[in-house]
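*Asks:* have a look at this prediction, sequence included:
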Amino acid sequence: MDDKILIVSATEKSAETLAGILRRYTFNNIDFADSGAQTRRAVLRINYSLIIINAPLKDEQGERLAADLIHGTRSSVVLIAKSEIADVLASRVEGDGVFVVPKPLDRRYFLSSVRLALAFAARIAEFDKKMAKQEKKYEELRVISRAKCVLIERERMSEQEAHRLIEKRAMDTRESRARIAADILKRYM
């Protein structure tokens, strides 16, 4: 699997234990952090599909970090907490999409949470791709519309004539309508 995972744990031993569980199931692209501050720096440089927080951390409990990551990145987050407080934390952060797993860790439950979180991350990534495609289409239509307006204003064309001109040039030159419209805007602006 090519999902990038960040394990955040105050102790190296716990981090390696979690990594060992993940590696047994072909999750091998793993980075480590030992504090909230280090995690916040890491997510500025790297896009992680999944961030696993083994609470508490050196500099914070982990609940705030989980919320910050959910709202500030495209990563899915699994928060591991002592069973005594796991339900309380879950009531605070699950509404945001954080998966809470109680300690002591049940491997099957943990792996199930990891798989769900990664599936969730994949859906977000797919949604982002679709949104980017729609935004590109919208921007192209906006450029074409502006070019038509320029042709109407400067060349005294009707909207239909401006549309036909852009379409014909696009077909004749085998360029996109957006490229032709951008050239028209350059010429008149």
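*Replies:* Received it, and whenever you're ready, just let me know what you need. Residues are numbered from 1 along each chain as shown.
*Asks:* alpha carbons only for contacts and neighbour counts from here, please
*Replies:* Fine.
*Asks:* residue 67 contacts residue 94, doesn't it?
*Replies:* No - counting by C-alpha atoms under 8 Å, residue 94 is not a contact partner of residue 67; they are 9.5 Å apart.
*Asks:* quick one: residue 98 and residue 71 touch, right?
*Replies:* No - with contact defined as C-alpha under 8 Å, residue 98 does not reach residue 71; the gap is 10.4 Å.
*Asks:* those two - which one has more neighbours?
*Replies:* Ranked by neighbour count (other C-alpha atoms under 10 Å), residue 98 and residue 71 place residue 98 first, with 22 against 12.
*Asks:* what pLDDT does that one get?
*Replies:* Note on residue 98: pLDDT of 94.
*Asks:* repeat for residue 1
*Replies:* So, for residue 1, pLDDT stands at 48.
*Asks:* does the spatially closest residue to residue 86 that is not a sequence neighbour sit in a helix, a strand or a coil?
*Replies:* Using C-alpha to C-alpha, 6 or more residues apart in numbering and skipping residues adjacent in sequence, the residue nearest residue 86 is residue 102, 5.5 Å away. Three-state assignment for residue 102 (DSSP: H, G, I helix; E, B strand; the rest coil): strand.
*Asks:* return the residues in contact with residue 102.
*Replies:* Taking C-alpha atoms under 8 Å, 6 or more residues apart in numbering, we find residue 102 in contact with 80, 81, 82, 83, 86.
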